[in-house]
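Peer 1: my questions concern the predicted model and sequence given below.
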Amino acid sequence: MTTRVAIVGGTGKLGAIIRDAVEAEPGFEVAGVLSSRSELSELDGADLVVDASTPAVSIDVVRAAIERGINVLVGTSGWSAERIALVRPLAEAAGSGVVFIPNFSIGSVLGSALAAAAAPFFPSIEIVEAHRETKIDSPSGTAVRTAELIAAARTSVGPVESPHVDQRARGQQVASVPIHSLRRPGVVARQETVLSGAGESLTIVHDTVEPAQAYGPGIRLALAAARDATGVVVGLDSLIDIGIGRRTAPADAAPVDEGGVPGQVARTTGA
């Protein structure tokens, strides 16, 4: 049975990539391509809605899909954990599925997971993200998701240390993590997570070079998941086993001297 897909924001850059992926994927077909200004009544008759619109429009797209009993895959940026929480009871009451994917790139998801795995061991963490100048929202959904994962991984050790955050130049705090956004020509998407401790620093960098190739595998995974989903699912890492376990250091764990090597301190962790 073929799944008929309506793509909102299908005339944009991400929407065009999603449209090509849907057309190439067995068992799926494009039933409609809507712009961010289209009437949402055009969703009628679709089996699945894919939202690649704008942050201002996205909430209306999700509500319209849920009201019609249609599952929805959300690729639009700007969905924080607090905003997603508002959708959860609506989806559960309707028996619908809503899948939120902040970034379709598997490499990006791995970068965020690595940052979360390392987060309990560094007191200072900041994110610098860059996108092309046409991206209208900041910080990016990927940066927000990364900050939320970092905060979750640091439950036992507390929020990150981020001095002078009352100054606007220190970035926007998300889950205690400062995020700095660049919008400039000549870049597709880039994120650096900088984790710092006494005498050392770890930087995790992900670059998107060719969007269609980077996002294609993730879009295909997400389409299949969204078609069959119930309730709310967040993140590509919820759909695949990326093989990175997140271990958190106990809040009362004492630093351990690693052989007297300057600047090298670890925490003991439980299994």
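Peer 2: Noted; the coordinates are in hand.
Peer 1: tell me the pLDDT at Asn248?
Peer 2: Actually, residue 248 is Thr. It isn't Asn. Thr248 is assigned a predicted lDDT (pLDDT) of 38.
Peer 1: equivalent analysis for Ala52, please.
Peer 2: At Ala52, pLDDT is 97.
Peer 1: residues contacting Thr230?
Peer 2: Gly95, Ser96, Gly97 (Cβ atoms under 8 Å, 6 or more residues apart in numbering). No exception for glycine: its C-beta is placed from N, CA and C like everyone else's.
Peer 1: contacting residues for the spatially closest residue to the second one that is not a sequence neighbour?
Peer 2: In space, and not counting its chain neighbours, Ser96 is closest to Ile66: 4.9 Å by Cβ to Cβ, 6 or more residues apart in numbering. Applying Cβ under 8 Å, 6+ apart, one finds that Ile66 lies in contact with Val72, Val87, Leu90, Ala91, Ala94, Ser96, Val98.
Peer 1: need those residues in a markdown table (columns: distance to Gly32).
Peer 2: Compiled in a markdown table, the contacts of Ile66 are given as follows (distance: Cβ to Cβ, whole Å):
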| residue | distance to Gly32 |
| --- | --- |
| Val72 | 14 |
| Val87 | 22 |
| Leu90 | 23 |
| Ala91 | 22 |
| Ala94 | 21 |
| Ser96 | 18 |
| Val98 | 19 |
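Peer 1: okay, helices next: where are they in the stretch 51-200 of the chain?
Peer 2: 55-67, 81-94, 106-118, 141-153 (DSSP state H, counting those that start in this stretch).
Peer 1: most tightly surrounded among those?
Peer 2: Mean neighbour count, computed with mean count of other Cβ atoms under 10 Å, is highest for helix 141-153 among those, reaching a mean of 24.
Peer 1: for it, packing partners?
Peer 2: helix 106-118, strand 124-131, strand 172-174, strand 177-183, strand 189-197 (3 or more Cβ pairs under 8 Å, 6 or more residues apart in numbering; DSSP states H and E).
Peer 1: flag the shaky bits of this structure, pLDDT-wise.
Peer 2: Within the chain, the segments meeting pLDDT under 70 span 245-271.
Peer 1: need the contact list for the spatially most central residue of it.
Peer 2: Nearest residue to the geometric centre of the chain (Cα atoms, centre = their mean): Pro102, 2.8 Å. For Pro102, the contacting residues are Ser77, Trp79, Ser140, Gly141, Thr142, Val144, Arg145, Val234, Gly235, by Cβ under 8 Å, 6+ apart.
Peer 1: helix or strand: which one has the residue nearest to Val57 when sequence neighbours are not counted?
Peer 2: Leaving aside its sequence neighbours, Val57 sits nearest to Ser36 (Cβ to Cβ, 6+ apart; 4.8 Å). Ser36 belongs to no helix or strand when assigned by DSSP states H and E.
Peer 1: show me what contacts Ser36?
Peer 2: Ser36 touches Val8, Gly9, Gly12, Ser53, Thr54, Val57, counting by Cβ under 8 Å, 6+ apart.
Peer 1: now for those residues: which two are most distant?
Peer 2: Gly12 and Val57 (11.2 Å; Cβ to Cβ).
Peer 1: follow-up on the earlier one: let's have the contacts of Pro102 in JSON lines, adding distance to Glu42.
Peer 2: Formatted as JSON lines, the contacts of Pro102 follow (distance: Cβ to Cβ, whole Å):
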{"residue": "Ser77", "distance to Glu42": "23"}
{"residue": "Trp79", "distance to Glu42": "22"}
{"residue": "Ser140", "distance to Glu42": "28"}
{"residue": "Gly141", "distance to Glu42": "25"}
{"residue": "Thr142", "distance to Glu42": "29"}
{"residue": "Val144", "distance to Glu42": "29"}
{"residue": "Arg145", "distance to Glu42": "29"}
{"residue": "Val234", "distance to Glu42": "27"}
{"residue": "Gly235", "distance to Glu42": "28"}
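Peer 1: ok, so of these, who is nearest Tyr215?
Peer 2: Of all these, Tyr215 sits closest to Thr142, with 11.9 Å by Cβ to Cβ.
Peer 1: Asn103 is in contact with the closest one, correct?
Peer 2: Yes: using Cβ atoms under 8 Å, Thr142 is in contact with Asn103, at 4.3 Å.
Peer 1: could you name every residue contacting both of these two?
Peer 2: Ser112, Ala189.
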